[in-house]
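> Quick one: sequence and predicted model below, then my questions.
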Amino acid sequence: MKIARNVLWLVLERGLQVVFGIVAIGLIARAVGPEGFAKFQYAQSLVLIAASIALICGGEVVVPRLVGNPAPEAQYRLLAHVFGLRALAAVTGYLLLVGVITMTEGDKVIVLTAIVMGIPILLYEPFGAVRAWLQARTDSRPAVVYGMVGLTFRVIAVAALYLAGLDSAPAFAWAFAVESLLCAMLLARYYRQRSLRVAVHLNWPLARLLLRDGMVFWVSMILMLCAKRVDQLLLKPHISLFELGGYSASMQVLDNFMMLGAIVATSVAPLMIYAQPSLALVRRNVLYVAAGMVALGVAGGAVLAYCAPWIIALIYGEHYEVAANLLRLSAMASGLVFADAALSLLVIYLRKPNWLVEKWFLVLFTMIVVDVIAIPIHGARGAIYGYIAGNAMAVIAGIGFFLRSREPVAVQQAV
């Protein structure tokens, strides 16, 4: 029951992220218009790529160590090192973002928006060490509650700016920055009230071990986040800001729908995948889950494509008509994304992070190749062709991993 409650809290957080995210981004899009929204989303893409640098010591490395050594003193020392490594990486990522964008971007709105929206880079992952500590205790409720507080603040702040008639993208970016600060303060306060603080000195062997074990996960996350945002970086030089704003609006809706695939996969994985006693049962259940999720993705994508004009009008209002046709086309990838989420469960079960690096490298390479060829010819539709091709490659890689899981080394790894 404790595990079930923990999963329910996480699913609730994901659901609220989708709903609140749609409300906030819709108000921003209405306030700043298509061109301003294109600048806002382009800056957010740059921030997301820079933020991947801060993922240097992920929960995959931290949580098992916290579970394996529950002594408060040991956990405090471990979390102090994790916080330090993440903070150093976050500062590096933020400085790189500021340096690159100020030297390469001539639009002051994009520069200022990126600098403000980059502030969460300095806060989210370092203080996310507390989230890992809560996850190790199978008690994600406090982190979810604080996340809800932050999301509520963001929606209220964005709504207030919208009602005040502001149309400046950097002004709305401050809502995201203050949200991250609020969540960080609440997490730090919760941990300080319940942790045993001891003197901590830098332990180089521990730091090197954390870096070494987290390196593969870190590389896979960088590749994944680059794959998710490279389309907008490649699009900007070839199309107008008005069309880029429509493309960003369509992909924002699609991304929120695709989160449903991750929610479903996370919900079914503990019972149907991770709790199974043999690799044969895991492989069988992965096929069942994949079939069900493909059906869900295709059905949902069909509904999304049919309702695209009404969805775009409801969320973004006028001036985003171009987004409806783009959303119809991009919704064709829904089945692929849901299938990839299901097939990835086998990779996680086998603890094969190097397979994730292989997959996301192939996905990113495929997207870039298709985008470079198709965008100059087809514009925003060319980027969607790249998106579909990249997700098709992810499914092909997932099928390849499924077949490779028959190897004896994979069975030994799972055991």
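Looks like it arrived, so ask away. Numbering: from 1, shown residues only.

> Which positions within the helix or strand containing residue 80 qualify as buried?
Secondary structure from DSSP states H and E places residue 80 in helix 72-104. Residues of helix 72-104 classed as buried: 75-87, 89-90, 93-94, 97, 101 (neighbour count, 16 or more other Cβ atoms under 10 Å). C-beta here means a position set from N, CA and C on the backbone, and glycine is covered the same way.

> Run through the neighbouring helices and strands of the following helix or strand past it.
Going down the chain from helix 72-104, the next helix or strand is helix 108-117, by DSSP H and E. Packing contacts for helix 108-117, counted by 3 or more Cβ pairs under 8 Å, 6 or more residues apart in numbering; DSSP states H and E, involve helix 2-51, helix 72-104, helix 169-194.

> Now tabulate the ones you listed in TSV and tack on mean pLDDT.
Below are the helices and strands packed on helix 108-117 laid out as TSV (pLDDT from 0 to 100):
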stretch	mean pLDDT
helix 2-51	83
helix 72-104	92
helix 169-194	93
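
> Minimum distance to residue 210: which of those helices has it?
Of all these, helix 72-104 sits nearest to residue 210, with 6.2 Å by Cβ to Cβ.

> relative to helix 169-194, how tilted is the closest one?
170 degrees (axes from the mean of the first three to the mean of the last three Cα atoms, to 10 degrees).

> how far is helix 72-104 from where the chain is centred?
How far helix 72-104 lies from its chain's middle: 18 Å, per Cα atoms, centre = their mean, to the nearest Å.

> Show me what it is packed up against.
helix 2-51, helix 59-68, helix 108-117, helix 124-136, helix 204-235.

> So residue 29 versus residue 182, what's the distance?
Counting by Cβ to Cβ, to the nearest Å, the gap from residue 29 to residue 182 is 24 Å.

> Mind checking which of these two has more residues around it?
Neighbours per residue, other Cβ atoms under 10 Å: of residue 29 and residue 182, the larger number sits with residue 29, 27 against 17.

> Report the contact partners of that one.
37, 245, 249, 315-317, 320 (Cβ atoms under 8 Å, 6 or more residues apart in numbering).

> could you dump those residues to JSON lines with neighbour count?
Formatted as JSON lines, the contacts of residue 29 follow (neighbours: other Cβ atoms under 10 Å):
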{"residue": "37", "neighbour count": "29"}
{"residue": "245", "neighbour count": "28"}
{"residue": "249", "neighbour count": "27"}
{"residue": "315", "neighbour count": "20"}
{"residue": "316", "neighbour count": "26"}
{"residue": "317", "neighbour count": "14"}
{"residue": "320", "neighbour count": "25"}
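
> in which helix or strand would I find residue 243?
Going by DSSP H and E, residue 243 is in helix 241-269.

> list the contacts for the nearest residue to residue 91 once chain neighbours are set aside?
Leaving out its chain neighbours, the residue that sits closest to residue 91 by Cβ to Cβ, 6 or more residues apart in numbering is residue 122, at 6.6 Å. Counting by Cβ under 8 Å, 6+ apart, residue 122 touches 87, 90-91, 94.

> now with 7 Å?
By Cβ atoms under 7 Å, 6 or more residues apart in numbering, the residues touching residue 122 are 90-91, 94.

> Of the contacts of residue 29, which pair is most distant in space?
Among the contacts of residue 29, 245 and 315 lie farthest apart (Cβ to Cβ), at 13.2 Å.

> helix or strand for residue 238, which one?
Using DSSP H and E, no helix or strand contains residue 238.

> Was I right to think it contacts residue 374?
No. Applying Cβ atoms under 7 Å, one finds residue 238 not in contact with residue 374, separated by 10.3 Å.

> quick one: the residue nearest to residue 91 and residue 330, what's the gap?
The value you get for residue 122 to residue 330, if Cβ to Cβ is used, is 33 Å.

> Kindly report the same for residue 259.
On the measure of Cβ to Cβ, residue 259 and residue 330 end up 15 Å apart.

> Let me see the domain layout of the chain.
1-202, 219-415 (automatic domain parsing).

> looking at these, which is closest to residue 213?
Nearest of these (Cβ to Cβ): domain 1-202, 4.8 Å.

> give the contact list for the closest residue to residue 40 other than its chain neighbours.
What sits nearest to residue 40 in space, not counting adjacent residues and going by Cβ to Cβ, 6+ apart, is residue 169, at 4.3 Å. Residues near residue 169 by Cβ under 7 Å, 6+ apart: 32, 36, 39-40, 109, 113.

> Reformat the residues you listed as a markdown table; add neighbour count.
Formatted as a markdown table, the contacts of residue 169 follow (neighbours: other Cβ under 10 Å):
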| residue | neighbour count |
| --- | --- |
| 32 | 23 |
| 36 | 20 |
| 39 | 28 |
| 40 | 27 |
| 109 | 18 |
| 113 | 30 |
